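Enquirer: Predicted structure and sequence below. I'll ask about it afterward.
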Amino acid sequence: KLAKRTRRVECYRPAALQDAHRRFLVETELRHDLGSGALHLALQPLIDLGSNRICGFEALARWQHWRLGAVSPVEFIAVAEDSGLIAALDSQMMDCALATLAAWDERAGRTLDVGVAINLSAVELTNEDVSERVADALRRHGIQGQRLTVELTESAILADPAKAAEVLDRIKATGARIAMDDFGTGYSNLALLRRLPIDILKIDRSLIGDMPTDPDKAAIVRAILSLAQALGLRVTAEGVETAETARLLAILGCNVGQGYHFARPLEGDAAYEFALARGA
Ligand code: C2E
Ligand code: CA
Ligand code: CA
Ligand code: CA
């Protein structure tokens, strides 16, 4: 019995230790790199499916560590959320995104017809000052609130809907729009959609990718689109990888598409040039 237990423990511990070690390493290095250029943005175009013109970008965090290389946001966002670093990280990304818009306007000599969507982590909805950070960033960069969309996941909102409604109302007071991210993956509480000040449903790419070949997923996407229409919400589809999917979504009345079919997340000048070429 003892031998068996020892063996199990031996099999288990190295992996757990490795995991713990990696987490510790990522947390330490992330803390160090916060506020530096090692953390930067990639901007992925959002395309209006009716006109085929660009309407904005989603700001996605990127981290290039000198030794670890490019760390996936899936990994470092989770670490940031668990270690209390997420508010600082999200603020830095919002700042960067708004500074980018301001710099583009300056460069173009006019206000470009594009907005930017930033991600706010679930844990931030319990953060009283998050709406002030949004208002402050808009003011500092001289960007109209209407050009900003704040993407939040459903889990954040479901945890404490009353509190979420309060924080979302204050964010909306800046003029920013609210998008519910990864829609269709969780236990969607449809009643909440009416009670909360949400403007946009963002359908998760797990539903969009297979839509042309999977009738069940196509049916769910259709249902989401008619629900959104009934509630007066706009819909963005993420993970649009083929022309076929884009065409289908446009026919079904989906407003905006995002995905590799249109563009990968772009860095630096590439995003600016894409915006100008696509009607910004
Ligand atoms: P998300 O908010 O759902 O972002 C969309 C993800 O889908 C991005 O992954 C994007 O690169 C990827 N993507 C876009 N188009 C396609 C496509 O056509 N096919 C496929 N297969 N993937 C596509 P990324 O950049 O790895 O980000 C992963 C997640 O990390 C994001 O998911 C978001 O939840 C989180 N994240 C990224 N940046 C931030 C940030 O600044 N703050 C917070 N709180 N979370 C962030
Ligand atoms: Ca997002
Ligand atoms: Ca998403
Ligand atoms: Ca997603």
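Expert: Received it, and whenever you're ready, just let me know what you need. Small disclaimer: the values here were computed from a predicted structure and weren't measured. Residues are numbered from 1 along each chain as shown. Ligands and ions are numbered 1, 2, ... in the order given.

Enquirer: What are the boundaries of the strands in the protein?
Expert: Ranges of strands within the chain are 39-48, 54-65, 69-71, 115-119, 148-153, 177-183, 200-203, 234-238, 256-258, based on DSSP state E.

Enquirer: out of those, nearest to Leu227?
Expert: Nearest of the strands of the chain to Leu227, taken as CB to CB: strand 200-203 at 8.0 Å. All C-beta atoms are positioned from the backbone trio N, CA, C, and that covers glycine.

Enquirer: do you know which of the strands of the chain lies nearest Ser131?
Expert: strand 148-153 (9.6 Å).

Enquirer: what does that closest one contact?
Expert: With contacts defined as CB atoms under 8 Å, 6 or more residues apart in numbering, strand 148-153 is touched by 56, 58, 98, 115-120, 122, 125, 134, 138, 168, 171, 174-182, 186, 199-200, 202.

Enquirer: How far off centre is it?
Expert: Strand 148-153 has its C-alpha centroid displaced from the chain centroid by 7 Å (CA atoms, centre = their mean, to the nearest Å).

Enquirer: Around ligand 4, pick out the residues from the stretch 51-200 of the chain.
Expert: For the stretch 51-200 of the chain, the residues in contact with ligand 4 (CB under 5 Å from the ion) are Asp182.

Enquirer: now the helices for the stretch 51-200 of the chain?
Expert: Secondary structure of the stretch 51-200 of the chain by DSSP state H, counting those that start in this stretch: the helices cover 73-82, 86-108, 130-141, 154-159, 161-172, 190-195.

Enquirer: Mean pLDDT lowest where, among these?
Expert: Of all the helices of the stretch 51-200 of the chain, the minimum mean pLDDT falls on helix 154-159 (a mean of 73).
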